[in-house]
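Chemist: Quick check, what structure comes out for this input:
(chains A and B)
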2 protein chains.
Amino acid sequence: MPTHEQMVTAVQAYIEGFNRQDADAVSRLFSQHATLEDPVGTPKRRGLEEIRAFYANAMGTGAKLSLVGPVRTATNSAAFAFSARVIMSGRQHQIDIIDTFAFDDKGKIVGMHAFWGPQNVQVL
Amino acid sequence: MPTHEQMVTAVQAYIEGFNRQDADAVSRLFSQHATLEDPVGTPKRRGLEEIRAFYANAMGTGAKLSLVGPVRTATNSAAFAFSARVIMSGRQHQIDIIDTFAFDDKGKIVGMHAFWGPQNVQVL
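Modeler: Residues are numbered from 1 along each chain as shown, chains lettered A, B, ... in the order given. Here you go, the predicted structure:
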């Protein structure tokens, strides 16, 4: 089972990898058969190829992520609040998001869920 | 499907009901066959009777909850960060938690997950 410290390190590597637009580094945090649902309620991405493509696309928006508050961990899962800043239609926007990660015994992400919707997007 | 506003209202009613130690009001936010996993990785509580008993016990600690940041909503789900202040062994503690709620079409909670662990507990 991953430790709290391992899960926090993975979340930090996720944020940092996203912000330097390194889709390889971010997708390496996931296990081979991981699933990703972002936002919750949309079709799941399955496996590293779909997950890498998802992040390459998301990073292509130029969004920059910032953690908000501590990473919460429970057994093999983590949850964290963060905001994404992204320019859309020439204007800076902030999206408030909460992600949850479930980890396998090796500390790889096996399931990712992102909670955010239109009401969590604001123009700055 | 519940609206963003309905889900936010349910989260606020949850926090307020907890803080006035009203286990009936909090358990009424759940559907009859809801499940609750708090913290994630521990055995699920199933159905209103077990859920009400869980909250009556949790409220009995005197813990007081405060929302931190906006409620995130995605389709039929919500996630929110909060902290719980509780006196243990004569000392004020803060526990940082993230909860996720899945709602049914009537706006009742059908699944609740709470993410927190020993590393999210601090002495104030």
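Chemist: Hmm, residue A:31 is touching residue A:108, no?
Modeler: Yes. If you go by C-beta atoms under 8 Å, residue A:31 and residue A:108 touch, sitting 3.8 Å apart. In short, each C-beta sits where N, CA and C put it, glycine included.
Chemist: In which helix or strand does the residue nearest to residue A:18 when sequence neighbours are not counted reside?
Modeler: Among residues not flanking residue A:18 along the chain, residue A:65 sits closest, at 5.3 Å (C-beta to C-beta, 6 or more residues apart in numbering or on different chains). Residue A:65 is part of strand A:64-74, with elements assigned from DSSP states H and E.
Chemist: Which positions within that strand qualify as buried?
Modeler: A:65, A:70, A:71, A:72, A:73, A:74 (16 or more other C-beta atoms under 10 Å in any protein chain shown).
Chemist: can I get these in CSV with pLDDT?
Modeler: Listed next are the buried residues of strand A:64-74 as CSV, based on pLDDT from 0 to 100:
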residue, pLDDT
A:65, 98
A:70, 98
A:71, 98
A:72, 98
A:73, 98
A:74, 98
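Chemist: from the residues you listed, which is closest to residue B:92?
Modeler: Among these, residue A:70 lies closest to residue B:92 (C-beta to C-beta), at 17.5 Å.
Chemist: what's around the residue nearest to residue A:86 when sequence neighbours are not counted, how many residues?
Modeler: In this structure, residue A:86 finds its nearest non-sequential neighbour in residue A:63, 3.9 Å apart by C-beta to C-beta, 6+ apart. Burial of residue A:63 is recorded as 18 neighbouring residues (other C-beta atoms under 10 Å in any protein chain shown).
Chemist: From chain B, how far off is residue A:63?
Modeler: According to C-beta to the nearest C-beta, to the nearest Å, residue A:63 stands 16 Å off from chain B.
Chemist: any idea of the pLDDT on that residue?
Modeler: As predicted, residue A:63 sits at a pLDDT of 97.
Chemist: quick one: the helices in chain A?
Modeler: Secondary structure of chain A (DSSP state H): helices at A:4-19, A:23-27, A:47-59.
Chemist: which parts of the second one are buried?
Modeler: Buried residues in helix A:23-27, counting neighbours by 16+ other C-beta under 10 Å, are found at A:23, A:26, A:27.
Chemist: Torsion angles phi and psi at the residue located most distally from the centre of chain A?
Modeler: The C-alpha centroid of chain A is most remote from residue A:90, which lies 24.3 Å away (C-alpha atoms, centre = their mean). Main-chain dihedrals, residue A:90, degrees, to the nearest 10: phi 80, psi 0.
Chemist: how close does it get to residue A:123?
Modeler: 11 Å (C-beta to C-beta, to the nearest Å).
Chemist: Enumerate the residues of chain A near chain B.
Modeler: Contacts of chain A with chain B, taken as C-beta under 8 Å from any C-beta of the partner chain, map to A:4, A:39-42, A:68-70, A:72-81, A:96-98, A:100, A:113-120.
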